[in-house]
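K.L.:
Take this sequence and fold it.
(2 chains)
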Amino acid sequence: MKAFLRYREVWLLAAIVVLIGLISTRFPGFADPANLRQVFNDTSILMILALGQMVVILTRSIDLSMASNLCLTGMVVAMLNAAHPAIPIPLLIVIALLVGLVLGAINGLLVWRLNIPSIVVTLGTLTIYRGATFVISGGAWVNADQMSADFIGLQRAAFLGIPVLSWIALLVIALFFLVMTRTALGRSIYAIGVNPTASVYAGIDVGRTKFIVFCISGMIGGLCGYLWISRYVIASVEVANGYELNIIAACVIGGISIAGGIGSVGGAVLGALFLGIISNALPVINISPFWQMAISGSAIILAVVLNARGERRQGRIILKKAEAA
Amino acid sequence: MTDTPAPRHIPDRLDKPFTAAVFSWEALLVVVAVAIFAVNSFASPYFLDAWSLSDLTFNFTEKALIALAMALLIISGEIDLSVAAIIALASTMMGMAVQAGAGTPALVAIGLVVGLGCGAFNGLLVTRLGLPSIVVTIGTMSLFRGIAFIILGDRAYKGYPASFAFFGQGYVWWVVSFELTLFLIGAVVYWFLLHRTSFGRRVFAIGNNPVAAQFSGVRVGRIKFILFCLTGLMAGIASVLITSRLGSTRPSIAQGYELEVITMVVLGGVSILGGAGSILGVVLAAFIMGLVTFGLGLLNVPGIVMSIFIGLLLIIVIALPILWRRVRRERFA
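P.N.:
Modelled structure (predicted):
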C-alpha cells in the first residue's frame, strides 16, 4: 500500500516535470527558478485549500462549502479591516480562522449529530454561506483603496527571498504532514476512510473525527479567505464562485480517492501544483486561457482512470466477464 | 391426510413501512408547498394571478426536467455533476449550426444528440472503466464547458430562427407554456418508468445493493449506462429550452444549475446514498423551489438571498424527519 502511494506520487511528479519541460520548449524562461517560485506562490492558496479538502475526502466525506466559506470569511475580514484599520493583521488572521472554524463546525455538527450525508449538508451551506456574504455586505464590494496597506502587504513581504504567502503554504504543508503521519488523529482519519465499521471496533469515534475534519477544512477555508482577499484585493459576493470544484479537482489529480482512505499530503500538493502550472503556462505559451477549463477537465478524467488501476477492487470479480459480455 | 401448508403469500413489494415513510415525506412537501403558497399570496397582491403563476413555472421547468432523470440516476447510486456543462456544450453546438444556416428541426436534433452523446460519454467512463461517477462528472463538467469556452471564448451566438423561439417562450394553451407541458409529460413518463416497470425496480435494486443486483441477473452496468444517457438527453432537452428562451448562447450559460438540480432531487426525498425516492417527491420539490424563488422575487428579494432560503430549506427538510424520529424513539425507549 505504502509502495503504491509512493509510486503514484512519483508518477505525478514525473508528469509535472514533463509538463514543465514541454512548456519550456515553447517558452524557455518557464523552468527558471524565479519563475517556478512565482508559480508556487500563485498556487499557494489552492494547495492550502486542497489539503483542507483532503482530510475531509479521506474520511469518505466531501466539503462543497469551502469556496463559499472562503468568500464569507474574506468579506468579514475585509469589512473589519475597512471599518477598523487599526486592528493588527495577525489578529485579523485569527478572526478569519475562527470564523472559518465556526462555519466548518456547523457542517461538522450536522454530519456528526444528525447523520446527514456530507454532500447534502455542504450543498446547502454552499448556498447559505455565499448568500450570507451578500447579506452582511449588502451586495457592496470592498475595494483595494478601502483596505489598509498592511492588509494587502503582509503576504507580499519577502522573507529570505520568498513571499510570506509561500511561507504560509509551506507551514501548512508541514503541519498537515505532521498531523497525517505522526498523530493518532491522522491515523484515525485514514482508518475511517478505509473501513468505518472496523474503526468503530478499534475505538475510534467516527462521528467526532468527522466533526474534527470539517472543523479543519473550515479553518482552512477561513485562512484562505484572508489570503485570497488580500491577494486579489477585492472582496465581493462573486469571490471564488465555483472554486470548490477546482479544489476537489486538485485532490483527485493528486491521487486522493473519492471513496476515502487513500491519499497523501504530497499528492494534494502536487495535484494543486499541476493545475497551477497549467493556468500559469497557458498565457506565456500563447494558448488562449479559454483552453484551461477543458485541459484541467481532461487531466481530471485521466487522473481518475490512472488512479483507479491502483485502487483495490472490491468483490464481484467473478461476474466481471459476464458483465462485459 | 396430507397437510399441505397453504402457500404463503409473498407480497410483490414490501409496501407497508416503505410507502408509509415515502408518503409522510411527500405529505411534508405538500404542507411546505401549501404554506409557501399561502405566505406568497398573503405577502404580494401580484402573486395570485394566472399569468404570474405561469411565469413562475419558467423558474424551474428546465432544471426540473433534468431532475427527473437525475432522480433515477441518484437512486441507482450514481450522480451526474456535468448536466449544466452539457447544456452549455449543446447550446454552443446549436449556435454553431445556426451560423451554418441550420433550421429549427436540425437545431433541436443537434441539441438532443449532443446531450445524449455527452451522457453516453459519462456512462461509458463510469460503467466500462468502473470509475466513481462524482469524480468522472466533475472532470467532464470542466471538459464539456471547457470545449464551449474554446469554441466561443468571450463571444456569443445569436440569430436563432423565429420558429425556434416557441420551445422556450411559446404557450400551448392559454397560460400553459410549452415548457410546463413538456415537464408534466416528462413527469408522467418518468413516474411510469420508475414506479411501474421492471426497469424501475431494477434501478431501486441497484441502488440498494449493486452486488446483490448483479448476482440476481440485473445488468447493472447496462442500466447505469442507460440512466447516464437519459440524464444527458434531458440536459439536451433543457439546453434547447434555455437557448430558445434566451435567444442567445454564451459559454457561461446555465452555470451552477447542477447543484440546483441535485438540491431539487434531494429535497424531493431521494436518498443521496441511493436506493430510495419517488418522482412525485421530485415534482413537488421542483414546485416548492419555483414557489420560493418566485415569491421572494415578487417581494424584491435578491436572487442570492433566495439561495439562502433554498439552502436552509434543503437542510431543514432533511433534518426534520431525523430529529422527529429521534424524539419519538427517546419517548418510547
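
K.L.:
all strands of the chain, in order?
P.N.:
All of this is about chain A. Secondary structure of chain A (DSSP state E): strands located at A:158-159, A:162-163.

K.L.:
oops, chain B please
P.N.:
Under DSSP E, chain B gives strands at B:171-173, B:176-177.

K.L.:
average pLDDT across the longest one?
P.N.:
When you say that, I think you mean strand B:171-173. In this model, strand B:171-173 has an average pLDDT of 81.

K.L.:
what's the answer for the last one, then?
P.N.:
The pLDDT scores in strand B:176-177 average 86.

K.L.:
quick one: strands adjacent to it?
P.N.:
strand B:171-173 (antiparallel) (DSSP bridges).

K.L.:
Can you list the buried residues in the strand it pairs with?
P.N.:
For strand B:171-173, the neighbour count (16 or more other C-beta atoms under 10 Å in any protein chain shown) marks no residue as buried. Every C-beta, even on glycine, is put in place using the N, C-alpha and C of the backbone.

K.L.:
contacts for that strand?
P.N.:
Contacts to strand B:171-173, defined as C-beta atoms under 8 Å, 6 or more residues apart in numbering or on different chains, come from residues B:54, B:177-178, B:181.

K.L.:
Return a ChimeraX selection command for the buried portion of those.
P.N.:
Per 16+ other C-beta under 10 Å, the buried members of those correspond to this ChimeraX selection:
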select /B:177,178,181
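
K.L.:
could you dump the contacts of strand B:171-173 to a markdown table with distance to A:Val111?
P.N.:
Converted to a markdown table, the contacts of strand B:171-173 look like this (distance: C-beta to C-beta, whole Å):
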| residue | distance to A:Val111 |
| --- | --- |
| B:Ser54 | 40 |
| B:Ser177 | 40 |
| B:Phe178 | 42 |
| B:Thr181 | 41 |
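
K.L.:
So which bits of the stretch 101-250 of chain A are right by chain B?
P.N.:
Counting by C-beta under 8 Å from any C-beta of the partner chain, the stretch 101-250 of chain A comes close to chain B at A:110, A:114-117, A:119-121, A:123-128, A:130-132, A:134-135, A:139, A:237, A:242, A:245, A:248-249.

K.L.:
For the stretch 201-325 of chain A, which segments count as helices?
P.N.:
Secondary structure of the stretch 201-325 of chain A, counting by DSSP state H, counting those that start in this stretch: helices at A:206-232, A:243-253, A:265-284, A:292-310, A:320-324.

K.L.:
Could you identify which of those helices is most buried?
P.N.:
Highest mean neighbour count among the helices of the stretch 201-325 of chain A (mean count of other C-beta atoms under 10 Å in any protein chain shown): helix A:243-253, with a mean of 26.

K.L.:
Go ahead and measure how far that one is from the middle of the chain.
P.N.:
Mean-position distance between helix A:243-253 and its chain equals 7 Å (C-alpha atoms, centre = their mean, to the nearest Å).

K.L.:
Packing partners of it?
P.N.:
Secondary-structure packing of helix A:243-253 (3 or more C-beta pairs under 8 Å, 6 or more residues apart in numbering or on different chains; DSSP states H and E): helix A:33-58, helix A:66-83, helix A:265-284, helix A:292-310, helix B:133-152.

K.L.:
From chain A, how far out is the spatially most central residue of chain B?
P.N.:
Centroid-nearest residue in chain B: B:Ala67, 0.3 Å away (criterion: C-alpha atoms, centre = their mean). Distance of B:Ala67 to chain A, given as C-beta to the nearest C-beta, to the nearest Å: 14 Å.

K.L.:
how about the closest residue to that residue other than its chain neighbours, what does it touch?
P.N.:
Using C-beta to C-beta, 6 or more residues apart in numbering or on different chains and skipping the chain neighbours, the partner closest in space to B:Ala67 is B:Met264 (4.3 Å). When contacts are counted by C-beta under 8 Å, 6+ apart, B:Met264 touches B:60, B:63-64, B:67, B:282, B:285-286, B:289.

K.L.:
Which of those fall in helices?
P.N.:
With helices taken from DSSP state H, the overlap with the contacts of B:Met264 comprises B:63-64, B:67, B:282, B:285-286, B:289.

K.L.:
pLDDT for these - can I get that in CSV?
P.N.:
Formatted as CSV, those follow (pLDDT from 0 to 100):
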residue, pLDDT
B:Lys63, 93
B:Ala64, 94
B:Ala67, 95
B:Val282, 94
B:Ala285, 91
B:Ala286, 92
B:Met289, 86
